[in-house]
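# Got a sequence here, can you model it:
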Amino acid sequence: MSHWKIKLMEENQVSENEKDLSNKEVISSLKKKNWKSYFKEFFMLFLAISLGFFVENQREAYVENKSAKVLAQSMLEDLEQDKKALHEGIRFMEEKDQNMDKFLRMLHAPGADWDTVAFYKSMTMVFSTFPFSPTDGTYSQMKSSGTLRYFDQRLVNQMNAYDNQLKKTVFRDELVEKAEWELVPLAATLINFEVTGELRFNKPITKETYIKIRDEDTLDLFINKVVTVRTMMGRSLQEYKVLLLLNGDLIQELKDEYRLNYADNP
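I've put the predicted structure just below:
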């Protein structure tokens, strides 16, 4: 083997030995590193992650609270609209009930004592309706989008209770309307609907005001159907009043919780 080849092999061997020595020195240095440095690095990393979670949670809580107040204001406005409609509906039904009471007393009196114009005005009132149309857009939106979770559970329970009562109230209105429609076929054989149409729109009476109740059986059936309308309406009136109480409680809770006001009812 030539001299230069031997020399090259020796140099390579020395280089490898130097690398091994360097690696051993690095490993030895790492092993000697103080364990406190590792703990400090771990603690700093843990602190940074925890702080990040805390900041993110605080940001989400702030966004949810802000959104809850906006939704609460919107729902307050819906409730105030419901409140107006409920007061108007209650006033209408109480007036209608008084008229129906007078009408039934007339029907139980001898036919010769009936006031024909009063009879037609009473029939017009019997067929008049003022159904409650709830303003529940905000609640429906919150329920479908899952944003009800922004609110305290006690307040959510009140919202749900109000919504359940609202459905019962609307259902009762539908029963009243059904009872009125069931009276229509019989009434159509007894009176002139042209006259009730004129009275409904506050027009002067120009058509014939006949009353074709010729026997007791027809009168009894007619009275029963009018009584059914009144009974259904009385039950509906009770639901209105229950809903109005829940409405007032929920309005007050929203105002107190979020320090809200309503422009038309500060």
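
# can you pull the contacts of Pro110?
For Pro110, the contact set (Cβ atoms under 8 Å, 6 or more residues apart in numbering) is empty. Using the backbone N, CA and C atoms, a C-beta is placed for each residue, glycine as well.

# any idea what sits nearest Glu88, other than its immediate chain neighbours?
Phe130 (7.0 Å; Cβ to Cβ, 6 or more residues apart in numbering).

# Identify the residues contacting the one you found.
Glu88, Gly89, Phe92, Met93.

# check contacts around the second one.
Residues counted as contacts of Gly89 (Cβ under 8 Å, 6+ apart) are Phe130, Pro131, Phe132, Tyr240.

# please redo it, this time with the cut-off set to 7 Å
Going by Cβ atoms under 7 Å, 6 or more residues apart in numbering, Gly89 touches Phe130, Phe132, Tyr240.

# I'd like to know how far it sits from Lys178.
Going from Gly89 to Lys178 by Cβ to Cβ, to the nearest Å gives 17 Å.

# now swap in the third one and tell me
Computed with Cβ to Cβ, the distance linking Phe92 and Lys178 is 18 Å.

# who has more neighbours, those two?
Phe92 (18 against 12; other Cβ atoms under 10 Å).

# Could you report the pLDDT at that one?
Looking at Phe92, its pLDDT is 96.

# which residue sits closest to it, ignoring its sequence neighbours?
Phe130 (4.2 Å).

# Just give me how far the one helix or strand Leu221 maps to sits from the chain centre.
Assigned by DSSP states H and E, Leu221 belongs to helix 216-258. In terms of Cα atoms, centre = their mean, to the nearest Å, the centre of helix 216-258 is set 20 Å apart from its chain centre.

# Give the other helices and strands that that helix contacts.
Helix 216-258 is packed against helix 35-108, helix 153-188, with contacts defined by 3 or more Cβ pairs under 7 Å, 6 or more residues apart in numbering; DSSP states H and E.

# can we see that at 10 Å?
helix 35-108, helix 116-126, helix 153-188 (3 or more Cβ pairs under 10 Å, 6 or more residues apart in numbering; DSSP states H and E).

# coming back round to it: give me phi/psi at the residue nearest to Glu88?
Main-chain torsions, Phe130, degrees, to the nearest 10: phi -140, psi 70.

# Kind regards, and thank you for your time.
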